[in-house]
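Visitor: any chance you can model this:
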Amino acid sequence: RLMSAHLTWHWQCVLILDKGGPGGNGSTMAHERQMTNAKRTVLVWTKGRARKFAGYVCDRFMVSHGRQKDHHEYQQSLDGFAYFVRSFTMPGELVVDPFLGSGTTAVACRRTQRRFVGCDRDPRAFKATLRRLAGEQKANRFRLTHGG
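Guide: Reported below is the predicted structural model:
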């Protein structure tokens with residue numbers, strides 16, 4: 001309700017973790033409910049009316065390489081979030097992530113030339129994002145310096 005005062009809901013997308021199942025590499029264990037979660041929901045909101053895209057966007061992306069938890073325990077799939085960032089925005093446009101976590105959306109935006117704003121109430125997650133983005137900046141400088 002609070003977001004609807006400023007943004008327009010566009011769609012609900014999902015990242016499917018192919019190594020799901022009890023204790024699978026792609027799943028998260030919700031011990032208090034005795035469930036495993038083999039998907040991540042991505043809500044897409046727009047400022048104003050959503051524009052038409054060049055083609056249809058699939059609302060699911062299969063993550064096929066298991067867990068990526070190098071920076072934070074809540075880290076998400078970079079490939080999946082990059083797919084959605086590229087699908088719903090153009091280079092130079094702004095992407096906002098109100099649940100920053102380890103900064104996966106921020107990295108996807110940096111790699112696809114989108115502007116980014118994010119926040120998180122967990123100071124550890126915010127610090128993990130800063131470290132991760134600093135590493136991205138160093139990696140990009142190295143690639144540019146060495147022509148790779």
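Visitor: all strands for this protein, in order.
Guide: Using DSSP state E, the strands of the chain run over 8-17, 28-30, 35-37, 39-46, 60-63, 94-97, 115-118.
Visitor: please identify the deepest-packed of those strands.
Guide: strand 60-63 (a mean of 18; mean count of other Cβ atoms under 10 Å). C-betas here are computed from N, CA, C, even on glycine.
Visitor: averaged pLDDT, that strand. What do you get?
Guide: For strand 60-63, mean pLDDT is 76.
Visitor: residues in contact with stretch 109-118?
Guide: 82, 85-86, 89, 91-98, 100, 103, 105-106, 108, 129, 133, 136, 140 (Cβ atoms under 8 Å, 6 or more residues apart in numbering).
Visitor: out of the residues you listed, which are buried?
Guide: 82, 85, 89, 95, 97, 100, 103, 105, 106, 108, 129 (16 or more other Cβ atoms under 10 Å).
Visitor: the second one: what's it in contact with?
Guide: Residue 85 makes contact with 95, 105, 108, 109, 112, 114 under the criterion Cβ under 8 Å, 6+ apart.
Visitor: so what's the first one bridging to?
Guide: Judged by DSSP bridges, the bridge partners of residue 95 are residue 116.
Visitor: pretty sure it contacts residue 89?
Guide: Yes. At 5.9 Å, residue 95 counts as touching residue 89 under the criterion of Cβ atoms under 8 Å.
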